[in-house]
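Participant: Here is the input, now give the coordinates:
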Amino acid sequence: MRSPLWAKFRLNSRPAKAAGCVSLGAAALSSLVGCGPPAIEGRWDSGNPSARMYAIERTARSGDSSEARRLVEQLDSDDPAVRMMAIGALERLTGTTHGYRHYDPPLERRAAIERWQEACERGELGTPTGEKNDG
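Facilitator: Below is the predicted model of the structure:
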């Protein structure tokens, strides 16, 4: 017969058992409540990758190239799904990838991100078709 979990950790006293139950209950409750806005609100500054993906999708659907700089920022995300969606949206808005692939090693991605940043600085991302702004 298996011994209870608290027996393995020598937590045989009633206060220790009660504290363990309270801790588990608090952990379960906090996982249900959440600490931020729902992902569907799609915020660029969210720590939740799903929220950033909603923001990317919203930008791609709207064709709003004024958000292109935010998309370029997402190319450096730790989350490969965020990177994939960001480059897809940028390609849809501008017609190019500047050689960026979301699955490339970090150094290759970094070089492509720099090309995207240079394009931003030159004003190449200001129109939905990728045409340069005449000023």
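Participant: just for this structure, where's the confidence low?
Facilitator: Applying pLDDT under 70 to the chain flags residues 1-42, 126-135.
Participant: Okay, helices next: where are they in it?
Facilitator: 5-8, 14-33, 49-62, 68-74, 80-94, 106-121 (DSSP state H).
Participant: Check which helices and strands the third one is in contact with.
Facilitator: This means helix 49-62. Judged by 3 or more CB pairs under 8 Å, 6 or more residues apart in numbering; DSSP states H and E, helix 49-62 is in contact with helix 68-74, helix 80-94. To be clear about C-beta, it is placed using only N, CA and C from the backbone, and glycine gets the same treatment.
Participant: Now do it against helix 80-94, angle only.
Facilitator: If you take axes from the mean of the first three to the mean of the last three CA atoms, to 10 degrees, helix 49-62 sits at 10 degrees to helix 80-94.
Participant: can you check the last one too?
Facilitator: With the same axes, to 10 degrees applied, the angle from helix 106-121 to helix 80-94 works out at 30 degrees.
Participant: Please name every helix or strand in contact with helix 106-121.
Facilitator: helix 68-74, helix 80-94.
Participant: One more: the fifth one?
Facilitator: Packed against helix 80-94 by the contact rule (3+ CB pairs under 8 Å, 6+ apart) you find helix 49-62, helix 68-74, helix 106-121.
Participant: May I see those helices arranged in CSV, with mean neighbour count and distance to residue 87 as well?
Facilitator: Output for those, formatted as CSV (neighbours: other CB atoms under 10 Å; distance: least, CB to CB, whole Å):
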stretch, mean neighbour count, distance to residue 87
helix 49-62, 19, 10
helix 68-74, 20, 8
helix 106-121, 15, 9
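Participant: Can I get those helices in CSV including distance to residue 98?
Facilitator: Listed next are the helices and strands packed on helix 80-94 as CSV, based on distance: least, CB to CB, whole Å:
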stretch, distance to residue 98
helix 49-62, 17
helix 68-74, 10
helix 106-121, 4
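Participant: Residue 92: which of these is closest?
Facilitator: Of all these, it is helix 49-62 that lies closest to residue 92, at 5.3 Å by CB to CB.
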